[in-house]
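Participant: build me a model from this:
(one chain, ligands or ions: 2)
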Amino acid sequence: MSIHINAKKGEIAPTVLLPGDPMRAKWIAETYFENPTLYNDVRGMYGYTGTFNGKPISVQGTGMGAPSIGIYAHELINEYEVQKLIRVGSAGSYQKNVKIRDIVIAMAASSNSSFNNLPFHGENFAPTAHAELFLAAINVANEKNIPVKAGNILTSDVFYQEDPDYYKKWAKYGVLCVEMETAALYTLAARFQVKALSLLTISDSLVTHETTTSEERAKTFKEMIEIALAIS
Ligand SMILES: O=P(O)(O)O[C@H]1O[C@H](CO)[C@@H](O)[C@H]1O
Ligand SMILES: O=c1cc[nH]c(=O)[nH]1
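Facilitator: Numbering: from 1, shown residues only. Ligands and ions are numbered 1, 2, ... in the order given. Presented below is the predicted three-dimensional model:
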């Protein structure tokens, strides 16, 4: 057992899918896993292990923001020897051509979070996807005819920005969308030499102010989960 996960050693698979929402973890386990077993309910942050096509796989809710995913990723890697961490999240679009329901694969994660500033003392570490996982995800998307966009994203500590135009400075540099965890995940994966990738589905747009219903989100999350499972 670790501080935030009450699983025994060996109960978590070497590959873990990481949604922010613990209810999405439950949905993924119950929809896609064979024989899912709940291994964690500490703080309601559900974690399940099952198999997919006979291969062990886990899914663990991470909560929202860099500090929260930082705790779960750290414990999964260091206490449970997880080797492959695949975030399956939602994000807000920063570009006109990144539309709601689109899937974005995060090549890199810019950030306004202090998560990376603290260890690097103000110098800049560039958090990037694991190249092998990134290429595998692009190949699966092509094989399955699932359109995806890939590029730089923003990991933000703030969901409700005071300035409604805040997004524009990032958009100008080609940043595709905003979410709240990937930079921390990629940095920890680099630190502990494991593989990480973030797959994101656009749930709303900062540009057009469109949003998706929960039903629509579940439907498009399906394609993102299909990619994640295929590279797991
Ligand atoms: O849908 P999830 O994975 O939680 O991701 C996004 O949604 C949350 C904000 O609503 C943040 O965690 C953000 O990163
Ligand atoms: O962090 C997030 C996630 C979805 N939509 C946003 O606007 N921000």
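
Participant: got a list of what residue 94 touches?
Facilitator: Neighbouring residues of residue 94 by Cβ atoms under 8 Å, 6 or more residues apart in numbering: 154, 167, 170, 171, 175, 176, 177, 178, 206, 207. No exception for glycine: its C-beta is placed from N, CA and C like everyone else's.

Participant: same thing but at 7 Å, please
Facilitator: With contact set as Cβ atoms under 7 Å, 6 or more residues apart in numbering, residue 94 has these partners: 167, 170, 171, 175, 176, 177, 178, 206, 207.

Participant: and the closest residue to ligand 1 within the chain, how many neighbours?
Facilitator: Relative to ligand 1, the nearest point of the chain is residue 20 (2.1 Å; Cβ to the nearest ligand atom). Look at residue 20: counted by other Cβ atoms under 10 Å, it has 20 neighbours.

Participant: how about residue 7?
Facilitator: For residue 7, using other Cβ under 10 Å, the count is 22.

Participant: how close does it sit to residue 82?
Facilitator: 11 Å (Cβ to Cβ, to the nearest Å).

Participant: not including adjacent chain positions, what is the nearest residue to the residue positioned nearest the centre of the chain?
Facilitator: Geometric centre of the chain, nearest residue: residue 87, 2.3 Å, by Cα atoms, centre = their mean. Take residue 87 and drop its neighbours on the chain: the residue closest to it by Cβ to Cβ, 6 or more residues apart in numbering is residue 198, 4.1 Å away.

Participant: could you show which parts of this structure are in contact with ligand 2?
Facilitator: 90, 91, 92, 159, 178, 179, 180, 203, 204 (Cβ under 6 Å from any ligand atom).

Participant: show me which of these neighbour ligand 1.
Facilitator: Answer for the residues of the chain next to ligand 2 near ligand 1 (Cβ under 6 Å from any ligand atom): 90, 159, 179, 180.

Participant: from these, which land in strands?
Facilitator: 90, 179 (DSSP state E).

Participant: save the ones next to ligand 1 among the residues of the chain next to ligand 2 as TSV, and put in neighbour count and pLDDT too.
Facilitator: Shown next, in TSV, are those (neighbours: other Cβ atoms under 10 Å; pLDDT from 0 to 100):
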residue	neighbour count	pLDDT
90	21	96
159	11	96
179	26	98
180	26	98
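
Participant: what segments of this structure are helices?
Facilitator: Applying DSSP state H to the chain gives helices spanning 22-32, 66-80, 114-120, 131-143, 166-172, 182-191, 214-230.

Participant: ok so, going back, could you redo the contacts of residue 94 as TSV and give each row neighbour count?
Facilitator: Output for the contacts of residue 94, formatted as TSV (neighbours: other Cβ atoms under 10 Å):
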residue	neighbour count
167	22
170	21
171	21
175	20
176	25
177	29
178	25
206	20
207	17
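
Participant: need those in CSV (columns: pLDDT).
Facilitator: Output for the contacts of residue 94, formatted as CSV (pLDDT from 0 to 100):
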residue, pLDDT
167, 98
170, 98
171, 98
175, 98
176, 98
177, 98
178, 98
206, 97
207, 97
